[in-house]
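# okay, predicted coordinates and the sequence, questions at the end:
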Amino acid sequence: MKPPAGRRRSHGTPLFRFSSFYSRLRFILILLAFVAILPPLFFHFRLRRFHQTQLSKCGWLNNPPLVCAHGGDSTNAFPNTMSAYGFALRSQVDCIEIDVSRSSDGVLFALHDRDLQRISGNSTSKVGHLRSNEIRELDVYHQSGNSNIPTIEDALTLISTSVRQVILDAKVGPPLYEKGLAKDILSAVEKMRCKNCLIWAKSDSLVRDIIKLSSDVTVGYIVMVDPHTGARTSLFRMKGAKVTGVYHPLIDERLVKTLHGREKKVYAWTVDDADSMTRMLHARADAIVTSNPTLLQRTMQDKRTQCLEEGFSLTR
Ligand SMILES: *[C@@H]1O[C@H](CO)[C@@H](O)[C@H](O)[C@H]1NC(C)=O
């Protein structure tokens with residue numbers, strides 16, 4: 001029996017309508033699902049971005065950098081004097097950087113040529129031109145209290161047990177330059193039993209001498225802009241050194257990650273304004289050397305309060 005012609009004619013059309021209805025429905029449902037998923041997706045990424053921004057702004061709180069006073073608190077006292085160290089200790093810095101220069105007769109003083117020139121008013125005088133008795137006679141007229149130039153031993157006696165780290169910044173000068181300097185500095189460190197001393201210098205050959213002569217003292221080399229070529233000095237140039245002292249404008253998060261990847265700590269110098277201090281916190285430097293430790297401490301405290309108020313939670 002043949003099916004009625006009408007039914008046969010209409011056979012394709014309802015089926016077609018049927019499938020078109022469902023494909024439209026499917027389309028609408030997918031669209032709805034898509035629209036429904038958008039806001040949570042949007043907020044998910046917004047939240048993730050918020051957390052990332054917060055982590056880059058506040059992550060340092062989980063591992064705060066050492067606050068290092070350059071020459072003591074050189075904002076409130078003449079650099080490298082006992083009163084500058086005293087101010088720094090009273091504000092409970094983590095670390096103090098001492099400039100180390102050798103007199104012509106081989107005594108190590110906590111003194112920078114630049115500061116000697118300020119004291120003597122002679123812009124060409126150098127520590128290495130003077131004998132130790134001449135340096136002892138110098139008077140830091142700016143200061144009340146103890147105004148003598150301390151030797152390295154005096155300085156270490158005062159500070160080394162009261163801070164987490166002492167940085168000895170070894171200066172190479174006339175008349176002997178590097179000759180015997182590594183040995184002299186190491187003898188002072190050993191004699192004072194300074195276990196938390198870190199020695200660094202701009203002179204690579206001096207740093208290499210120190211590494212060669214001692215296996216248990218912490219050593220650093222300097223990364224800066226080479227004054228002759230204008231380029232950054234090489235990041236990895238001494239295997240035995242655990243610390244790099246980096247000129248702060250060169251520091252960003254990537255540089256810190258690169259150095260950390262090779263197990264080198266990054267100490268930023270010399271960071272004296274609040275904006276650069278904040279930049280060093282965000283870049284996650286391991287230590288920040290500053291002539292104004294109270295400004296750094298205040299900046300860190302302000303940022304900490306701000307981060308905690310915005311809901312940042314410390315992981316430890
Ligand atoms: C300044 O210091 C240099 C180097 O020690 C010395 O040769 C020169 O005589 C000094 N000048 C004055 C005016 O004392």
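Now that the structure is in, tell me what you want to look at. Numbers count the residues shown, from 1 in each chain.
# which bits of the stretch 101-250 of the chain sit near the ligand?
Residues of the stretch 101-250 of the chain lying close to the ligand by C-beta under 6 Å from any ligand atom are 122, 124-125, 129. In short, each C-beta sits where N, CA and C put it, glycine included.
# most neighbours, which of these?
Sorting these by how many neighbours each has (other C-beta atoms under 10 Å) puts His129 first, at 16 neighbours.
# surely that one and Leu176 touch.
No - assessed by C-beta atoms under 8 Å, His129 is found out of contact with Leu176, at 11.6 Å.
# what strand or helix carries Val100?
strand 95-102 (DSSP states H and E).
# ok, residues contacting the next helix or strand after that strand?
Going down the chain from strand 95-102, the next helix or strand is strand 108-110, by DSSP H and E. With contacts defined as C-beta atoms under 8 Å, 6 or more residues apart in numbering, strand 108-110 is touched by 71, 80, 98-103, 127, 132, 135, 149-155, 184-185, 188.
# which parts of the stretch 151-300 of the chain are helices?
Using DSSP state H, counting those that start in this stretch, the helices of the stretch 151-300 of the chain run over residues 152-159, 181-191, 204-213, 253-261, 274-283, 293-309.
# and Asp139, what does it touch?
Contacts of Asp139 by C-beta under 8 Å, 6+ apart are 119, 147-148.
# from the residues you listed, which land in strands?
Using DSSP state E, the subset of the contacts of Asp139 located in strands is empty.
# quick check, nearest of these to the ligand?
Ile119 (12.1 Å; C-beta to the nearest ligand atom).
# can you get me a residue count around that closest one?
Other residues close to Ile119 by other C-beta under 10 Å number 18.
# picking up where we left off before, among the contacts of strand 108-110, name the buried ones.
Listed as buried from the contacts of strand 108-110 are 71, 80, 98-103, 127, 132, 135, 149-155, 184-185, 188; burial here means 16 or more other C-beta atoms under 10 Å.
# tell me the secondary structure for the residue lying closest to Glu310 once chain neighbours are set aside?
Of all residues not flanking Glu310 in the chain, Gln54 sits nearest, at 6.7 Å (C-beta to C-beta, 6 or more residues apart in numbering). Three-state call for Gln54 (DSSP: H, G, I helix; E, B strand; the rest coil): helix.
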